[in-house]
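K.L.:
Give me a model of this one.
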Amino acid sequence: MSLLDAGTVLGAGLTAQRQRFETISTNLANAQTTRTPEGGPYRRRSTIFEAVPSDSSFGNVYNDEVNRPLTTVRVAGIVEDKSDPLKKYDPSHPDADKDGYVSLPNVDPAAEMTDLLATTRSFQAMLAGMGVLKEMVTRSIELGRT
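P.N.:
Below is the predicted model of the structure:
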């Protein structure tokens with residue numbers, strides 16, 4: 001894998017994790033939203049990743065690997081959780097049904113914070129990889145000068 005390939009993979013990973021971070025942030029921001037433009041409570045969303053072929057390939061690492069495409073990651077989509085909303089008895093709430101129950105979003109703040117922590121760690125690891133890549137490029141340039 002060339003240095004440019006590594007940069008492509010790391011950049012794609014950073015972009016995907018940023019989208020995941022935004023999705024989680026939206027879930028947390030709407031954890032108490034009982035009324036949306038679509039009607040009903042907010043529904044939790046999840047980011048789906050997929051591996052996609054990169055334009056580059058491993059070069060002559062092993063003969064049987066030479067034509068295997070290098071893959072990177074991208075966001076395949078954001079899906080809405082179709083599970084039932086949570087019900088809470090609160091007849092004074094303006095969105096309560098005839099029985100006094102309010103439909104609340106199916107967002108678990110603790111689970112979202114756990115996902116946010118995992119996303120942050122992944123992002124930090126990729127940033128560290130970018131730092132290593134930068135150092136490798138710098139040293140390669142220095143070696144080329146001598």
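
K.L.:
Let's verify the closest residue to residue 23 other than its chain neighbours: helix, strand, or coil?
P.N.:
Leaving aside its chain neighbours, residue 23 sits nearest to residue 47 (4.7 Å; criterion: Cβ to Cβ, 6 or more residues apart in numbering). All C-beta spots, glycine's among them, are computed from the backbone N, C-alpha and C. Of the three states, residue 47 takes strand under DSSP: H, G, I helix; E, B strand; the rest coil.

K.L.:
Would you check that residue 47 makes contact with residue 25?
P.N.:
No - with contacts defined as Cβ atoms under 8 Å, residue 47 does not count as touching residue 25, sitting 11.3 Å away.

K.L.:
Of the two, which one has the most company?
P.N.:
Applying other Cβ atoms under 10 Å to residue 47 and residue 25 shows that residue 47 carries more neighbours, namely 19 against 13.

K.L.:
who's the more buried one bridged to?
P.N.:
Per DSSP bridges, the residues bridged to residue 47 are residue 78.

K.L.:
wait, what's in contact with it?
P.N.:
By Cβ atoms under 8 Å, 6 or more residues apart in numbering, residue 47 lies in contact with 16, 19, 20, 23, 75, 78.

K.L.:
Thank you, goodbye.
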